[in-house]
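J.: here is my input; please provide its structure:
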Amino acid sequence: METTGTPGAEDEEGKAAEKAPLVAALPGEPAKDREPPRLDSGGGAAENSERKLSEAGKITHIVFGAWIVLWRAAIMLTWATAVYVVVGCIRYPTWWYSFIWRRGWSHPRNYLAVVQEMNRVPLQAAFTLLLACAGFIFLYRRRRRLLAFMDEHGGISILVAVVAMGVTALLVNASKKREWELLEMGKKVVDLAEVSIDLMASVGHVSLDPPLAFYYIDQKAVDGLVAQLEPDLVEKTRIEKQAQKAAAKVSVGVGGSSASAERNTNTDATSQFERTAASPERRTAQLIHYCLEQKRAALIQGRLPMIMDIGMRDLRRRLGVVRAALEDPIDPVLESEMERQHEEIRNAMKKAEQEVDDILSSPPDLLVVALSLARREAIGTDRRFEGFIESDPRKITIDVFLPEAAELPAASGKFIDLRVFGRFTGRSASGAIVVKAIAVF
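T.: You can find the predicted model right below:
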């Protein structure tokens, strides 16, 4: 007869089976309890693998984040460049044409012109800066939408920006190429005009450049004029002190150790420079040049050479204005300035004639006479020389008085070519301009 176990006995057998060892005893060995092997045995291979995967994920995350930052920065830089180029081409097309198509990027003056333009229109520059700041604040307040747009449409937006810059550059080339050729032609015309002016000015030009051969100098009169014109605080003597430093250093080494001592000594070296007095000839030449440059004296020669000299100076100045207008990198002026200066140039000779007539009718206190002079009878202790200037409606006579002691070169004919620096003393009874000589050369 079969017997069945009770439910309590079956439970106890199940618990005993759970506690039984998972690994059976080897043959010939008594059965004993053994613990199952741990999964982390062998040096923690699983934990090392997980750690390596975690570090690799961090590196990948950092690299990806850096790439995102650089990509967004490239997008924003491209957008900013496109806006700057397009707006700049609309506002200053000539400058951008020179910069893009005429190698203007290689000339530092084009970059300096941007700063000069900001100084020329400070209100416009300030408004532009405020507008840029407002745009930056607007985009920053909507940075989430902006970043989302860049992440989604970054590539196509860069393409659109590059295409916009290319199309703008081509339009500037099409619209400003002809104007640039006219500007270059205008510069060449100015160059030719300056050469022509130099050639015309050289006709009848009186050279006053040293060395000059002086035949007579009124030292007292020269000293009196120099004392009035030369500043009183002219450097005569200068003492300079130069600091000199002397250093002495001593070092001693014993048994692998060393000791050092250093001493510095400062001394002053004095140098004295003394300016030597200029010769009378040099002082006189400097005085003549100064009076002519500052328009304290007038150069008296033939009427036509005087008109040419004054007119050519005015023309050269006008051409300088035209050249500056043509070479303006930001906004060169071609038509309006050329027309205005052309009108001024046509009137330059008329103005020169009027200025010469004013000089001859009312001479300044100091004159430089460069004429062929004929010797006339002496008046008292002075010798009188007479020269003429052809003028309408009659000749103008110049009477030059020199001391009898002045040693003049021998004249081969009736006239002698002299240059006389002197003082205008008035007019004679016949209306001649009377000049008292200070220097003859």
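J.: ends of stretch 409-419, how far apart?
T.: Distance between the two ends of stretch 409-419: 12 Å, counting by CA to CA, to the nearest Å.
J.: one more: stretch 356-368?
T.: 14 Å.
J.: number of nearby residues for Arg145?
T.: 10 (other CB atoms under 10 Å). All C-beta atoms are positioned from the backbone trio N, CA, C, and that covers glycine.
J.: got a pLDDT number for it?
T.: Predicted confidence (pLDDT) for Arg145: 90.
J.: continuing past whichever helix or strand it is part of, what's the next helix or strand?
T.: Element membership for Arg145, per DSSP states H and E: helix 143-202. Using DSSP H and E, the helix or strand that follows helix 143-202 in sequence is strand 216-217.
J.: same question for that next one, mean pLDDT?
T.: 88.
J.: what does it rub up against?
T.: Pro280, Glu281, Thr284, Leu402, Pro403, Ala406, Glu407, Leu408, Ala437, Ile438, Ala439, Val440 (CB atoms under 8 Å, 6 or more residues apart in numbering).
J.: now render those as a markdown table, adding secondary structure.
T.: Listed next are those as a markdown table, based on DSSP: H, G, I helix; E, B strand; the rest coil:
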| residue | secondary structure |
| --- | --- |
| Pro280 | helix |
| Glu281 | helix |
| Thr284 | helix |
| Leu402 | strand |
| Pro403 | strand |
| Ala406 | coil |
| Glu407 | coil |
| Leu408 | coil |
| Ala437 | strand |
| Ile438 | strand |
| Ala439 | strand |
| Val440 | strand |
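J.: which of the residues you listed count as buried?
T.: Glu281, Thr284, Leu402, Ala437, Ile438, Ala439, Val440 (16 or more other CB atoms under 10 Å).
J.: which residues of this structure fall in strands?
T.: For the chain, the strands defined by DSSP state E occupy 216-217, 237-254, 257-274, 297-300, 366-379, 382-389, 396-403, 415-427, 433-440.
J.: centre of the chain to the last one, how far?
T.: Between the centre of strand 433-440 and the centre of its host chain there is 47 Å, according to CA atoms, centre = their mean, to the nearest Å.
J.: name the surrounding residues that touch it.
T.: Outside strand 433-440, the residues within contact range by CB under 8 Å, 6+ apart are 214-218, 221-222, 225, 284, 288, 300, 360, 363, 367, 369, 396-403, 406, 408, 418-428.
J.: ok, stretch 94-113 next?
T.: For stretch 94-113, the surrounding residues in contact (CB under 8 Å, 6+ apart) are 85, 88-89, 169, 172-173, 176-177, 179-180, 328-332.
J.: repeat that with 6 Å
T.: The contact list for stretch 94-113 (CB atoms under 6 Å, 6 or more residues apart in numbering) reads Gly88, Cys89, Ala169, Val172, Asn173, Lys176, Pro329, Ile330, Pro332.
J.: what is the burial count for the second one?
T.: Read that as Cys89. Around Cys89 there are 22 residues (other CB under 10 Å).
J.: so where's the stretch 201-350 of the chain uncertain?
T.: Low-confidence segments of the stretch 201-350 of the chain (pLDDT under 70): 201, 203-205, 230-277, 334-342.
J.: residue contacts, Asp382?
T.: Contact partners of Asp382, counting by CB under 6 Å, 6+ apart, are Phe401.
J.: my bad, should have said Gln219
T.: Applying CB under 6 Å, 6+ apart to Gln219 gives the contacts Pro280.
J.: check Val121 and give its pLDDT.
T.: We note a pLDDT of 82 for Val121 in this prediction.
J.: so it versus Val83, what's the distance?
T.: For Val121, the distance to Val83 equals 20 Å [CB to CB, to the nearest Å].
J.: nothing else from me, thank you.
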